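K.L.:
Need coordinates for the following:
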Amino acid sequence: MTPQREGAHTDDSGGPSPLERLRSELLEYVGAVGRHAIGKATDKLTGIADPGKLGDGGGALAETAARAVKGESPVKALATEKAKEAKDKVTGKAKEALGAEDGQSKPGDLKAINIIEHVDIGRPLRVVYDHFTQFEEFGGFMNGVSNVTRDPEDETKTTWKVRVWPSSRSYDATVSEQVPDQRIVWSSEGSKGTTSGAVSFHRLDDELTRVTVVVEYYPSGFVEKTGNIWRAQGRRLRLDLKHFQRYVTLQSEEAEGWRGEIRDGEVVLSHEDALEEEREEDEQYDDEDGEEEDEEEEDEEEGEDEEEEEDEEDGRRRGGRRK
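P.N.:
This next block holds a predicted model:
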């Protein structure tokens, strides 16, 4: 019987029979189909585990599953992940609108903010200018300025701390030109932006002065660029100018302003020398006024003498006629 069974699986040449070959091929086909199905299932599981391969909401689903595995409530985990996803989307859209990626700006994306504002103040030109040069006082009446300090060794440099929404920023400012009662030109640099600006003073009347401010601002921080969307910087400058107007108008005492002169970033006339020149000019003016008064008095005396002489002459003529 054994020889008969072996003959059923072999042909006359001693090789596998057709039935055996069919069985072998069928088993191989079934094995290939099984391996393919297992591979597809593995890919699906890998996709679920990798948030980067999912569409919108897939990342939140994967993170929710991970939190649930750790024992956290699935509902709470899903709500937390959805909130985080919404926040990331808003942040991403804001960065895209501001021309920044990953919170960093590109040099080519910087856009200048141009601000031009003016205010009319009912005080003499010199009084307004002198008050404006007292930068250290700005923090006392301006909402956008925390404090200002001068460099003790360089009269062209100051450090400003300003308020930007809930945070504060620091800027180092340098005056490149300053002419008393006319204009001040400056530039400033900080970690979150650079600024170039000029303020000019114009006499409209003896008791009326116009102050015009022109600013070119390059924001580089995320908060600053976001503020640019709402034009927050322009509104802040406008409000602070109004605070300056109110402050100067209500001040009964005149300020002792910085009367020096700066050209090309260099002090060409110090404050003390400027005051000395003003004193000399005042003295010279007083001397000229005194000389003019003396001349006027002499002219008056001469006129009186001439009148007396004319009267005497008239008297002698009348006396001669009587004779």
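K.L.:
what's the nearest residue to I116 if we skip its chain neighbours?
P.N.:
In this structure, I116 finds its nearest non-sequential neighbour in V214, 5.2 Å apart by Cβ to Cβ, 6 or more residues apart in numbering. From N, CA and C alone the C-beta is placed, and that goes for glycine too.
K.L.:
helix or strand for the one you found, which one?
P.N.:
strand 208-219 (DSSP states H and E).
K.L.:
Then A32?
P.N.:
Assigning secondary structure by DSSP H and E places A32 in helix 18-49.
K.L.:
Give me the mean pLDDT for that helix.
P.N.:
Over the span of helix 18-49, the pLDDT mean works out to 65.
K.L.:
Tell me, how many residues neighbour T194?
P.N.:
Other residues within reach of T194, judged by other Cβ atoms under 10 Å, total 16.
K.L.:
what about it, distance to M142?
P.N.:
Using Cβ to Cβ, to the nearest Å, T194 is found at 21 Å from M142.
K.L.:
now swap in R183 and tell me
P.N.:
Distance, R183 to M142, using Cβ to Cβ: 20 Å.
K.L.:
Those two: which has the busier surroundings?
P.N.:
The neighbour comparison of R183 against M142 (other Cβ under 10 Å) goes to M142, with 21 against 15.
K.L.:
State the distance from the residue nearest to the more buried one when sequence neighbours are not counted to G197.
P.N.:
Setting aside the residues directly before and after it, M142 is nearest to D240 in space (Cβ to Cβ, 6+ apart), at 4.4 Å. Separation of D240 from G197 (Cβ to Cβ) stands at 13 Å.
K.L.:
What of E155?
P.N.:
Relative to G197, E155 is positioned 18 Å away (criterion: Cβ to Cβ).
K.L.:
pLDDT below threshold where in the stretch 1-150 of the chain?
P.N.:
Flagging of the stretch 1-150 of the chain using pLDDT under 70 yields the residue ranges 1-16, 30-31, 33-110.
K.L.:
ok, back up a step: state whether the residue nearest to I116 and A112 are indeed in contact, as I suppose.
P.N.:
No: taking contact to mean Cβ atoms under 8 Å, the distance of 11.9 Å between V214 and A112 leaves them out of contact.
K.L.:
quick one on the thing from earlier: what helix or strand is the residue nearest to M142 on?
P.N.:
When elements are defined using DSSP H and E, D240 is found to belong to helix 232-250.
K.L.:
continuing past that helix, what's the next helix or strand?
P.N.:
Note on helix 232-250: by DSSP H and E, the next helix or strand toward the C-terminus is strand 261-263.
K.L.:
can you list the residues that contact that next one?
P.N.:
With Cβ atoms under 8 Å, 6 or more residues apart in numbering as the contact definition, strand 261-263 has outside contacts at E155, T156, V175, S176, E177, Q178, V179, P180, V267, V268, L269, A274.
K.L.:
Contact partners for the residue nearest to M142?
P.N.:
Contacts here follow Cβ under 8 Å, 6+ apart; on that basis D240 touches F138, M142, N143, G144, V145.
K.L.:
from the contacts of strand 261-263, which ones fall inside helices?
P.N.:
A274 (DSSP state H).
K.L.:
and the contacts of strand 261-263, which are buried?
P.N.:
Burial by neighbour count, judged by 16 or more other Cβ atoms under 10 Å, picks out E155, T156, V175, S176, E177, Q178, P180, V267, L269 from these.
K.L.:
quick one: the residue lying closest to the first one once chain neighbours are set aside from E207, how far?
P.N.:
It stands for E155. Spatial nearest neighbour of E155, excluding adjacent residues (Cβ to Cβ, 6+ apart): V267 at 5.4 Å. Using Cβ to Cβ, one gets 31 Å for the distance from V267 to E207.
K.L.:
picking that back up, can you tell me which of the buried ones among the contacts of strand 261-263 comes closest to D311?
P.N.:
Nearest to D311 among those is P180, at 55.5 Å by Cβ to Cβ.
K.L.:
For S191, see how far away the closest residue to that closest one other than its chain neighbours is.
P.N.:
Of all residues beyond its chain neighbours, the one nearest P180 is R259 (5.2 Å), with distances taken as Cβ to Cβ, 6+ apart. Between R259 and S191 the distance, using Cβ to Cβ, works out to 33 Å.
K.L.:
Who has more neighbours out of these two?
P.N.:
Neighbours around R259 and S191, counted as other Cβ under 10 Å, are more numerous at R259. The numbers are 21 against 9.
K.L.:
Now do the buried residues in the strand holding V214.
P.N.:
Under 16+ other Cβ under 10 Å, the buried positions of strand 208-219 are T209, V211, V213, V215, Y217, Y218, P219.
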